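Q: Give me coordinates for this.
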Amino acid sequence: MASPPVNSGDAAAAATGEKSKLSPLGLPIREIPGGYGVPFFSPLRDRLDYFYFQGAEEYFRSRVARHGGATVLRVNMPPGPFISGDPRVVALLDARSFRVLLDDSMVDKADTLDGTFMPSRALFGGHRPLAFLDAADPRHAKIKRVVMSLAAARMHHVAPAFRAAFAAMFDAVEAGLGAAVEFNKLNMRYMLDFTCAALFGGEPPSKVVGDGAVTKAMAWLAFQLHPIASKVVRPWPLEELLLHTFSLPPFLVRRGYATLKAYFADAAAAVLDDAEKSHPGIPRDELLDNLVFVAIFNAFGGFKIFLPHIVKWLARAGPELHAKLATEVRAAADDGITLAAVERMPLVKSVVWEALRMNPPVEFQYGHARRDMIVESHDAAYVVRKGEMLFGYQPLATRDAKVFDRAGEFVADRFVAAGDRPLLEHVVWSNGPETRTPSEGNKQCPGKDMVVAVGRLMVAEMFRRYDTFAADVVEAPVEPVVTFTSLTRAASG
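A: As a prediction, the model looks like this:
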């Protein structure tokens with residue numbers, strides 16, 4: 001059911017609307033529905049709808065319904081007043097229109113990682129990290145080259161480092177069964193150590209920095225993301241005042257960040273030394289701040305969100321799927337769980353891709369239109385003007401019923417069949433299709449392969465050790481809260 005790829009939008013006559021009322025693929029060109037309302041007041045009202053009164057998905061679905069099913073709309077996006085710049089965006093809410101945001105020739109992504117606001121550079125040592133650079137920026141290629149080289153060089157460390165983290169984490173889970181021990185808290189602790197071990201080796205932050213390493217990392221993340229955080233402070237009017245009214249001053253986390261940076265300066269010393277020789281052009285201190293960002297924001301932050309979602313879907317699927325996974329894992333991994341072994345586990349791989357489809361770790365994409373262009377949804381085409389902010393809500397795009405059968409359901413074996421490979425083009429959690437490879441010249445996640453590998457290792461290690469499990473799952477902003485209630489060890493476990 002995969003839809004054809006989006007057109008390039010290069011038809012100048014169609015973009016101006018002067019010579020044609022049809023797009024290059026023959027769709028009618030329409031005005032983008034929706035609007036922005038009254039300055040200040042409408043963005044504020046929309047922020048309250050988005051965070052508290054409707055929630056993100058209903059916020060978009062209600063507006064799609066209001067405009068007759070149109071999936072390209074003008075809306076306000078949080079944070080709005082008082083922190084952000086211009087809250088006005090063109091929202092792309094289906095699989096076809098969303099693809100524009102993955103085309104670096106069509107969108108400029110400078111300073112758009114967090115949407116309509118940019119965190120203070122003081123949080124990043126005064127530098128602009130790789131994730132905030134546009135692909136056309138010369139510094140982007142230089143820094144991404146280092147990060148991609150690091151990820152490739154360390155891939156063979158991922159499986160053993162994860163195995164150690166998984167064993168320690170689930171020993172703790174088993175010890176806490178019956179005491180309402182949240183998997184999320186253990187996941188944060190052990191995934192920070194895993195991330196550093198996988199990327200740099202050496203002593204983990206829990207030993208060097210101490211038990212406060214995760215607290216410092218989470219505080220640093222919170223000071224970047226608080227304008228778009230929700231339901232972390234109760235009651236909500238207090239949260240509005242504390243998190244959405246003013247930017248929190250970076251000096252409050254300066255000492256914690258300095259401690260983390262000192263740890264990474266030592267842990268990543270060999271990487272920094274090699275980069276100075278092999279990839280000159282980026283000052284050592286700037287590259288260090290980028291490595292901190294990659295390790296904590298991209299990797300640790302991603303695993304913090306991603307792994308609870310995998311456990312959530314597995315818990316909901318129940319014993320029948322567990323039995324199939326256990327059979328596949330144990331047949332393919334006689335000598336242990338390795339990256340080569342998980343390549344022989346088609347159901348495990350499908351489960352991970354399906355979890356990424358249902359709950360992409362980063363739900364949003366933003367970018368400014370580089371030029372006047374045509375953006376096509378499934379049913380119509382719309383003119384977007386140069387400089388307008390485009391926004392994509394990825395869960396709606398990756399659950400598009402015109403692309404996926406049973407789009408809103410978790411279908412564990414969706415990607416098992418060889419003929420389903422075209423559907424992977426619409427699994428775009430990494431800021432690019434799953435079928436595409438990250439490069440220095442695009443904005444796709446440089447750690448894409450490592451993230452997918454960790455997801456597969458999580459599922460494989462789970463069903464090598466356990467026959468089945470049960471867990472309570474409570475949906476929450478960003479990630480579900482998971483509490484294991486039972487774990488059935490494999491006979492040979």
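Q: Can you give me the buried ones in stretch 106-126?
A: 106-119, 123-125 (16 or more other C-beta atoms under 10 Å). (Glycine included, C-beta is placed from N, CA and C.)
Q: Repeat that for stretch 38-57.
A: For stretch 38-57, by 16+ other C-beta under 10 Å, it's 42-44, 46-51, 54, 56.
Q: surely residue 112 meets residue 390?
A: No: Residue 112 sits out of contact with residue 390 when judged by C-beta atoms under 8 Å, with a separation of 9.2 Å.
Q: intersection of neighbour lists for the two?
A: Counting by C-beta atoms under 8 Å, 6 or more residues apart in numbering, the shared contacts of residue 112 and residue 390 are 366-368.
Q: what's the closest of the residues you listed to residue 175?
A: residue 366 (42.7 Å; C-beta to C-beta).
Q: Could you report the distance from the closest one to residue 211?
A: 36 Å (C-beta to C-beta, to the nearest Å).
Q: Looking at those two, which is more packed in?
A: residue 366 (19 against 10; other C-beta atoms under 10 Å).
Q: what sits against the spatially most central residue of the chain?
A: For the chain, the residue nearest the mean C-alpha position is residue 362 (2.5 Å; C-alpha atoms, centre = their mean). Counting by C-beta under 8 Å, 6+ apart, residue 362 touches 302, 394, 429, 431.
Q: try 10 Å
A: 113, 298, 301-302, 305-306, 394, 429-431, 445 (C-beta atoms under 10 Å, 6 or more residues apart in numbering).
Q: so can I have CSV of these showing secondary structure, pLDDT and distance to residue 181?
A: Below are the contacts of residue 362 laid out as CSV (DSSP: H, G, I helix; E, B strand; the rest coil; pLDDT from 0 to 100; distance: C-beta to C-beta, whole Å):
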residue, secondary structure, pLDDT, distance to residue 181
113, coil, 96, 33
298, helix, 96, 27
301, helix, 96, 22
302, helix, 96, 23
305, helix, 97, 19
306, helix, 98, 20
394, helix, 97, 31
429, coil, 97, 28
430, coil, 97, 31
431, coil, 96, 34
445, coil, 97, 31
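Q: Out of these, which two sit at the greatest distance?
A: Farthest apart among those - using C-beta to C-beta - are 113 and 306, which lie 17.6 Å from each other.
Q: Identify those among the shared contacts of residue 112 and residue 390 that sit within strands.
A: Residues of the shared contacts of residue 112 and residue 390 located in strands (DSSP state E): 366-368.
Q: my guess is residue 476 is in a strand, correct?
A: No: looking at residue 476 with DSSP: H, G, I helix; E, B strand; the rest coil, it is coil, so not inside a strand.
Q: That one and residue 184 touch, don't they?
A: Yes: counting by C-beta atoms under 10 Å, residue 476 does reach residue 184; the two are 8.9 Å apart.
Q: all helices for the stretch 351-493 of the chain, in order.
A: 394-398, 448-465 (DSSP state H, counting those that start in this stretch).
Q: how about low-confidence regions in this structure?
A: For the chain, the stretches with pLDDT under 70 are 1-20, 418-419, 493.
Q: One more pass at 80, please.
A: Applying pLDDT under 80 to the chain flags the ranges 1-20, 24-25, 178, 180, 418-421, 492-493.
Q: which helix in it runs the most residues?
A: Criterion DSSP state H: the longest helix present in the chain is helix 138-176.
Q: got the angle between whichever helix or strand comes after that one and helix 138-176?
A: Downstream of helix 138-176, the first helix or strand assigned by DSSP states H and E is helix 183-200. Relative orientation of helix 183-200 and helix 138-176, computed by axes from the mean of the first three to the mean of the last three C-alpha atoms, to 10 degrees: 130 degrees.
Q: Any idea how many residues pack against residue 68?
A: If you count neighbours by other C-beta under 10 Å, residue 68 ends up with 7.
Q: Look up the closest residue to it, ignoring the ones flanking it.
A: The shortest distance from residue 68 to any non-neighbouring residue, by C-beta to C-beta, 6 or more residues apart in numbering, is to residue 33 (7.6 Å).
Q: hang on, isn't that neighbour packed against residue 70?
A: Yes: applying C-beta under 10 Å, one finds residue 33 in contact with residue 70, separated by 5.0 Å.
Q: From what I see, residue 96 and residue 397 are in contact.
A: Yes: here residue 96 reaches residue 397: they are 8.6 Å apart, a contact under C-beta under 10 Å.
Q: which residues do these two both contact?
A: Residues touching both residue 96 and residue 397 (C-beta under 10 Å, 6+ apart): 71, 403, 426.
Q: Would you report the backbone torsion angles of the first one?
A: Going back to what we said before, that points to residue 71. With angles defined as degrees, to the nearest 10, residue 71 sits at phi -110, psi 10.
Q: Might one say that it is in contact with residue 30?
A: No: using C-beta under 10 Å, residue 71 is not in contact with residue 30; the gap is 11.9 Å.
Q: Those two - which one has more neighbours?
A: More crowded of residue 71 and residue 30, by other C-beta under 10 Å: residue 71, with 25 against 16.
Q: if I pick that one, what's in contact with it?
A: Counting by C-beta under 10 Å, 6+ apart, residue 71 has contacts 60, 63-64, 91-98, 377-380, 393, 396-397, 400, 402.
Q: Which of those are buried? Put it as a PyMOL command.
A: To isolate the buried ones among the contacts of residue 71 in PyMOL, judged by 16+ other C-beta under 10 Å, type:
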select buried, resi 60+63+64+91+92+93+94+95+96+97+98+377+380+393+396+397+400
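Q: of all the helices of the stretch 351-493 of the chain, which lies closest to residue 481?
A: Short answer: helix 448-465, nearest of the helices of the stretch 351-493 of the chain by C-beta to C-beta, at 17.4 Å.
Q: My understanding was that residue 475 contacts residue 312; is that so?
A: Yes: counting by C-beta under 10 Å, residue 475 does reach residue 312; the two are 8.4 Å apart.
Q: The two: who's more crowded?
A: Higher neighbour count among residue 475 and residue 312: residue 312, with 23 against 8, using other C-beta under 10 Å.
Q: mind listing what that one touches?
A: Counted by C-beta under 10 Å, 6+ apart, residue 312 has contacts 183, 355, 358-359, 410, 471, 473-475, 479-482.
Q: Tell me the one of these nearest residue 223?
A: Distances from residue 223 to these, taken by C-beta to C-beta, are shortest for residue 479, at 19.0 Å.
Q: Roughly how far does that closest one sit from residue 173?
A: With the distance defined as C-beta to C-beta, residue 479 ends up 17 Å from residue 173.
Q: Repeat that for residue 491.
A: 19 Å.
Q: more neighbours, those two?
A: Higher neighbour count among residue 491 and residue 173: residue 173, with 20 against 6, using other C-beta under 10 Å.
Q: Wait, the more buried one touches residue 469, no?
A: Yes: using C-beta under 10 Å, residue 173 makes contact with residue 469 at a distance of 9.4 Å.
Q: between the two, what contacts are shared?
A: Counting by C-beta under 10 Å, 6+ apart, the shared contacts of residue 173 and residue 469 are 484, 487.
Q: Distance-wise, check residue 113 relative to residue 128.
A: Taking C-beta to C-beta, one finds residue 113 at 10 Å from residue 128.
Q: same question, residue 229
A: Taken as C-beta to C-beta, the span from residue 229 to residue 128 is 22 Å.
Q: again with residue 306
A: For residue 306, the distance to residue 128 equals 26 Å [C-beta to C-beta].
Q: just residue 429 next, same as before
A: 24 Å.
Q: Same drill for those two, tell me which one is more crowded.
A: Between residue 429 and residue 128, residue 429 has the larger neighbour count (other C-beta under 10 Å), namely 23 against 18.
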